[in-house]
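Student: Got a predicted structure here, sequence first:
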Amino acid sequence: MASLDTALKDAMGIEGAIGAALVDYSSGMTLGTAGGSAEMDLAVAAAGNTDVVRAKMRTLEMLKIADGIEDILITLDTQYHLIRPVSSRSGQGLFFYLALSRSRSNLALARHQLRQVEASIEL
């Protein structure tokens, strides 16, 4: 089992990673970040993606779809943004946010590796 710092470090080890965060989507509060840049303010990105997760959760509820969200992908011209809710009981209400460079990453491999990071975190 990995600590928060280890999990964020592992997420940043994914090829093409620009920044990673663990976020509480009920409050929008960032619990931890790694990476980022002047152009990539992870606190702002995490808060904005909180709205994305909340909207999808509400939509599933209104449609009476009992499935959980595995991940959400947002594709930009030069980046991929992956949002992956934490599935463990201790991680209820949290999600990982990972920004990737499109030119330096393999999306399928990144999704697989982020799934492993999410499964290994101990909160």
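Tutor: That came through, no problem.

Student: buried ones in stretch 109-123?
Tutor: Residues Ala110, Arg111, Gln113, Leu114, Arg115, Val117, Glu118, Ile121, Leu123 are the ones in stretch 109-123 that count as buried (16 or more other CB atoms under 10 Å). Any C-beta I mention is one placed from the backbone N, CA and C, and that applies to glycine too.

Student: Likewise for stretch 42-62?
Tutor: Neighbour-count burial for stretch 42-62 flags Leu42, Ala45, Ala46, Ala47, Asn49, Thr50, Val52, Val53 (criterion: 16+ other CB under 10 Å).

Student: any residues touching that stretch, and which ones?
Tutor: Applying CB atoms under 8 Å, 6 or more residues apart in numbering, the set of residues contacting stretch 42-62 from outside is 19-21, 23, 25, 28, 30, 33, 35-36, 67, 69, 72, 74, 81, 83, 85, 95, 97, 99.

Student: Let me have the buried residues of stretch 42-62 in TSV, extended by distance to Glu15.
Tutor: Output for the buried residues of stretch 42-62, formatted as TSV (distance: CB to CB, whole Å):
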residue	distance to Glu15
Leu42	19
Ala45	20
Ala46	22
Ala47	26
Asn49	21
Thr50	26
Val52	24
Val53	25
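
Student: Output stretch 36-51 in CSV with nothing but the alpha carbons.
Tutor: Provided in CSV are the C-alpha atoms of stretch 36-51 (Å, rounded to 0.1, in the frame of the first residue of the first chain):
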residue,chain,number,x,y,z
GLY,A,36,2.6,21.2,-12.5
SER,A,37,4.0,24.4,-14.0
ALA,A,38,3.3,28.1,-14.4
GLU,A,39,0.8,27.2,-17.1
MET,A,40,-0.6,24.3,-15.1
ASP,A,41,-1.9,25.4,-11.7
LEU,A,42,-2.9,22.1,-10.3
ALA,A,43,-5.1,23.7,-7.5
VAL,A,44,-7.2,25.5,-10.2
ALA,A,45,-7.3,22.4,-12.4
ALA,A,46,-8.4,20.2,-9.5
ALA,A,47,-11.2,22.6,-8.5
GLY,A,48,-12.5,22.8,-12.0
ASN,A,49,-12.4,19.1,-12.5
THR,A,50,-14.4,18.7,-9.3
ASP,A,51,-17.3,20.2,-11.2
